[in-house]
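>>> fold the following for me, if possible:
(2 chains)
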Amino acid sequence: MSREELQAAITAALSDRAEPRGDEPGTALITFDEGGQFLNGNVARENIVPVMKKLRDELGFNYLFCLTCVDWKTHFTMMYHLRNLDTRDELVIKSKIEDVNNPAIDTVSNLWQTANFHEREVYDLFGVKFYNHPDLRRIFLDEQWPGYPLRKNYEDPNMIEL
Amino acid sequence: MEIDKKKMGDPFPGTVDPTADGGILVTKLDDAINWARANSLWPLVFGTSCCAIEMMSAASAKHDWSRFGFEVARATPRQADLIIVAGTIVMKMAPVLKRLYDQMADPKYVIAMGACTISGGPFFYNTYSVVKGVDHVIPVDVYIPGCPPRPEALLHAMITLQEKIKNEPYFRKPKTVV
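Take a look at the predicted model:
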């Protein structure tokens, strides 16, 4: 499928049963960005689980090959890289988290098992909380580790100021 | 690498005076014990990154550290008397390394191999997770610079350590305090 066809298919799949929660009526569940290697879709934080469930069940995105987070200082962006192993279509879903002091989003670990460890890593290094995660604790660092090292405002007394 | 035969000393530090039914050995106890200790150093099997590959190379046939008495690498600290810290030590590994060192019997020696071990490394030293030099955790006897050092450099460091051992007063050696 070409990028345009994929975008049309996703828009069609997400619009016929659109149930915006908390969004203004008429707002699409997903909007697309131009450019980049992948087709980029933006999804509101509140809609991430229903949208992801439809992408997996109806569009066949059965493989989550990357889950990470970006700290933009003013907000966080969750990144989900999806692949359809049958058609080899690839798709990136982004979701903005506005609250930089207490970032949180619903888990997708019940849709893709691999998200369990990926979300633990994001929790460990960015401090994003995942609602309904089965086992949300640090994966690399000690339980007592202060702060979240990959945040832009992380301060480490041992690090040398350049 | 050139080895100074005079510097390395005699094969055995002492003289053997032949007698009718054998011989009389004249030596200093310090020298005799150190001669034995220096030529049978047992390294701990310990490597945390790419320097460990060079360490394995030094152990294998081409460089063959058994020539200098290092062949008995032990997988337990209780039987080892040398740690070659080969690779980056991260904050999470530091207490483990300290514990391994504490479990070794005195006298014990440490070789810091490579830039990561000496100072945190050329790449990742200014990170929340990397210890900036293993001497923050355990005392070091010999440092080898390099990234990674070649096996010849490791052999040179090991021979340097042997010279250090041969020259230390065994019976007056202060206990290692950390």
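>>> which parts of the chain are helices?
Looking at chain A here, since you left the chain open. A:3-15, A:48-57, A:115-126 (DSSP state H).
>>> my question was about chain B
Under DSSP H, chain B gives helices at B:5-8, B:29-38, B:51-59, B:94-103, B:115-119, B:151-166.
>>> tally of neighbours for the closest residue to chain A within chain B?
Nearest to chain A, among the residues of chain B, is B:Tyr128, at 4.3 Å (CB to the nearest CB). In this view, the C-beta of every residue, glycine as well, is placed from N, C-alpha and C. Close neighbours of B:Tyr128, defined as other CB atoms under 10 Å in any protein chain shown, add up to 18.
>>> name the residues of stretch B:35-48 that are buried.
Of the residues in stretch B:35-48, B:Trp35, B:Arg37, B:Ala38, B:Leu41, B:Pro43, B:Leu44, B:Val45, B:Phe46, B:Gly47, B:Thr48 count as buried by neighbour count, 16 or more other CB atoms under 10 Å in any protein chain shown.
>>> for these, which one is nearest A:Leu39?
B:Thr48 (40.7 Å; CB to CB).
>>> sorry, back to before: out of the buried residues of stretch B:35-48, who's near chain A?
Subset of the buried residues of stretch B:35-48 in contact with chain A: empty, counting by CB under 8 Å from any CB of the partner chain.
>>> let's have those in TSV, adding pLDDT.
Listed next are the buried residues of stretch B:35-48 as TSV, based on pLDDT from 0 to 100:
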residue	pLDDT
B:Trp35	89
B:Arg37	89
B:Ala38	89
B:Leu41	91
B:Pro43	93
B:Leu44	93
B:Val45	90
B:Phe46	91
B:Gly47	91
B:Thr48	91
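>>> looking at the helices of chain B, which is buried most?
Mean neighbour count, computed with mean count of other CB atoms under 10 Å in any protein chain shown, is highest for helix B:115-119 among the helices of chain B, reaching a mean of 24.
>>> and the angle for the lowest-mean-pLDDT helix or strand in chain A with helix A:48-57?
Least confident helix or strand, chain A: helix A:3-15 with a mean of 83, by mean pLDDT, DSSP states H and E. Between helix A:3-15 and helix A:48-57, the angle comes out at 120 degrees (axes from the mean of the first three to the mean of the last three CA atoms, to 10 degrees).
>>> quick one: contacts of helix A:3-15?
With contact meaning CB atoms under 8 Å, 6 or more residues apart in numbering or on different chains, helix A:3-15 is reached by A:1, A:28-30, A:32, A:39, A:41, A:51, A:54-55, A:58-59, A:89, A:91.
>>> buried only: go through the residues you listed for me.
For the contacts of helix A:3-15, a burial check counting by 16+ other CB under 10 Å picks out A:Leu29, A:Ile30, A:Leu39, A:Gly41, A:Val51, A:Lys54, A:Leu55, A:Leu59, A:Asp89, A:Leu91.
>>> list the ones among those residues that fall in strands.
Using DSSP state E, the subset of these located in strands is A:Ile30, A:Leu39, A:Gly41, A:Leu91.
>>> show me what the second one is bridged to.
Assessed by DSSP bridges, A:Leu39 has beta-bridge partners A:Leu91.
>>> correct me if wrong: it contacts A:Thr31.
No - shown here, A:Leu39 and A:Thr31 do not form a contact pair, counting by CB atoms under 8 Å, at 11.8 Å.
>>> count of residues packed around the residue in chain A positioned nearest to chain B?
The minimum distance from chain A to chain B, using CB to the nearest CB, falls at A:Pro149 (4.3 Å). The tally of other residues near A:Pro149 (other CB under 10 Å) stands at 18.
>>> show me where pLDDT drops low in chain B?
Applying pLDDT under 70 to chain B picks out residues B:1-10, B:173-178.
>>> give the residue farthest from the middle of it.
For chain B, the largest distance from the centre (CA atoms, centre = their mean) belongs to B:Ala20, which lies 41.2 Å off.
>>> perfect, I'm done here.
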